[in-house]
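*Asks:* Need the 3D shape of this:
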Amino acid sequence: MNVNINFLRKCLVIPFVILITQSTAFAEPLLIPGFLGIESSYIETPEADSNTTNAYFTIINLHNQPIRLLNTNSDFFGSAVFHAANGEELEYIEVLPRERVVMEPGGIYIQLNEITDSITAADSTHEVTLLVRRGREAMEFVEEYFDNSERELRGGGIPNEKEFLAHISVRD
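*Replies:* Okay, here's the model as predicted:
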């Protein structure tokens, strides 16, 4: 039986290399259909005796309207503040349609205040809830509405604002 090496390379090696490359480039991806994608995210290990640290995300807008990250909360910190590259506090972080925002040290970031001891362990993972709005303005509060993206009837709320749970790792 004559096996063609080129055939095996194309069928086995190349897909395997692509899979490994993608898994390292996008360490903790999160896809929220019709809203956004989070390619990567991490929290800095806080310095000793500090009750603040920073969180970073790479966010892609998958919608035809701007997306606004309005708030983030979790059990391991008391409050979060969005910051621009110049250190100025931001009310929200906006991602334009089909664009990407890369949060990084020296750039846009989220400052986490009043952190608990649970975050001090490097390589630990924590749940963070993100409040995201599709569009620049909040829709009017409704008692009950049909969510087209999930095809189900929802309880009261603001139809274009949703909370999403992300798992974020702590890094040195």
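*Asks:* any idea how far the residue nearest the centre of the chain lies from Gly87?
*Replies:* Closest residue to the average C-alpha location of the chain: Ile38 at 4.0 Å, with C-alpha atoms, centre = their mean. Note on Ile38: its distance to Gly87, by C-beta to C-beta, to the nearest Å, is 24 Å. C-beta coordinates here come from the backbone N, C-alpha and C atoms, glycine included.
*Asks:* where's stretch 33-44 relative to the chain centroid, distance-wise?
*Replies:* 2 Å (C-alpha atoms, centre = their mean, to the nearest Å).
*Asks:* Could you list the buried residues of it?
*Replies:* Residues of stretch 33-44 classed as buried: 35-44 (neighbour count, 16 or more other C-beta atoms under 10 Å).
*Asks:* again, but for stretch 81-95
*Replies:* Those would be 82-83, 93, 95, for stretch 81-95 by 16+ other C-beta under 10 Å.
*Asks:* just stretch 67-85 next, same as before
*Replies:* If you call a residue buried by 16+ other C-beta under 10 Å, then stretch 67-85 has these buried ones: 67-72, 74, 76-77, 80, 82-83.
*Asks:* Out of these, the closest to Thr116 would be?
*Replies:* Nearest to Thr116 among the buried residues of stretch 67-85 is Phe76, at 4.8 Å by C-beta to C-beta.
*Asks:* give the contact list for that closest one.
*Replies:* Phe76 is in contact with 112, 115-116, 118-119, 126, counting by C-beta atoms under 8 Å, 6 or more residues apart in numbering.
*Asks:* Which one of the residues you listed sits in the busiest neighbourhood?
*Replies:* Leu112 (26 neighbours; other C-beta atoms under 10 Å).
*Asks:* strands paired with the one helix or strand that residue maps to, and their directions?
*Replies:* Leu112 belongs to strand 109-113 when assigned by DSSP states H and E. Take DSSP bridges as the rule and strand 109-113 pairs in its sheet with strand 52-61 (antiparallel), strand 79-83 (antiparallel).
*Asks:* Sounds good, over and out.
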